[in-house]
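*Asks:* fold the following and give me the result.
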Amino acid sequence: MAQPLSKILITANPGPSQKQFLGTLSTDAPKTVELFLSLLPYTQRLIHVRWSGEALWIPLGSDPSTTSQFLALPHENNTSHPAPGHFLLYPGGVSETEFLWAYGGCSFGSKMGQLAGNHFLSVDGTSEEGVSESLRELGVKALWEGNMGVRFEIATGELIEKFEEERRIKIKNMRSKL
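*Replies:* Residues are numbered from 1 along each chain as shown. Predicted structure coming up:
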């Protein structure tokens, strides 16, 4: 298994208006983290949730032939109320298997009622300048414009340096506009 505290680069809405975030995997959900790492690099579609408030969703379906690896996961570090920037994996059962990414107020649920997912990944720096705003912009864009691509990959030293340099430039540009 890879290091539990591996950094993950999350690229949402690839292209000119993409949003990138660095995230840290949780040591409190080791089996969920191990499964997630086995998927990387992982490319999927994000859509806005239907029942849970301010969050994005990657539905994985309810077909046991494609979700059996998720169904075997135990409850780890599970919650129904993720903070902005938290990722949950709901292994399935009452509702379909899915990833949930909170960008604001969220009470995780489905048409079947309240759900609890395994919190396994958190966006870094959600209290820092520009990060929570970028999360909110991403969520609102998904709400009003529909689905968008997302890619998760292990962030190597080179990717982290590039990400941090681009973030410094964005913050500098934001401040110069004030």
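*Asks:* roughly how far does the nearest residue in space to residue 96 that is not next to it in sequence sit from residue 91?
*Replies:* Spatial nearest neighbour of residue 96, excluding adjacent residues (C-beta to C-beta, 6 or more residues apart in numbering): residue 62 at 4.2 Å. (C-beta placed from N, C-alpha, C; glycine too.) Going from residue 62 to residue 91 by C-beta to C-beta, to the nearest Å gives 11 Å.
*Asks:* with residue 70 instead?
*Replies:* 5 Å.
*Asks:* where do the contact lists of these two overlap?
*Replies:* residue 97 (C-beta atoms under 8 Å, 6 or more residues apart in numbering).
*Asks:* just to revisit the earlier point, can you report how many residues lie near the residue nearest to residue 96?
*Replies:* Neighbourhood size, residue 62 [other C-beta atoms under 10 Å]: 14.
*Asks:* pLDDT of stretch 124-133, averaged?
*Replies:* Averaging pLDDT along stretch 124-133 yields 83.
*Asks:* for it, which positions count as buried?
*Replies:* 126, 131, 132 (16 or more other C-beta atoms under 10 Å).
*Asks:* can you list contacts of stretch 38-47?
*Replies:* 8, 12, 36, 56-59, 99, 101, 142, 146-154.
*Asks:* out of these, which are inside strands?
*Replies:* 8, 12, 56-59, 99, 101, 148-154 (DSSP state E).
*Asks:* and which of those residues is nearest to residue 177?
*Replies:* Using C-beta to C-beta, the shortest approach to residue 177 within those belongs to residue 12, at 22.7 Å.
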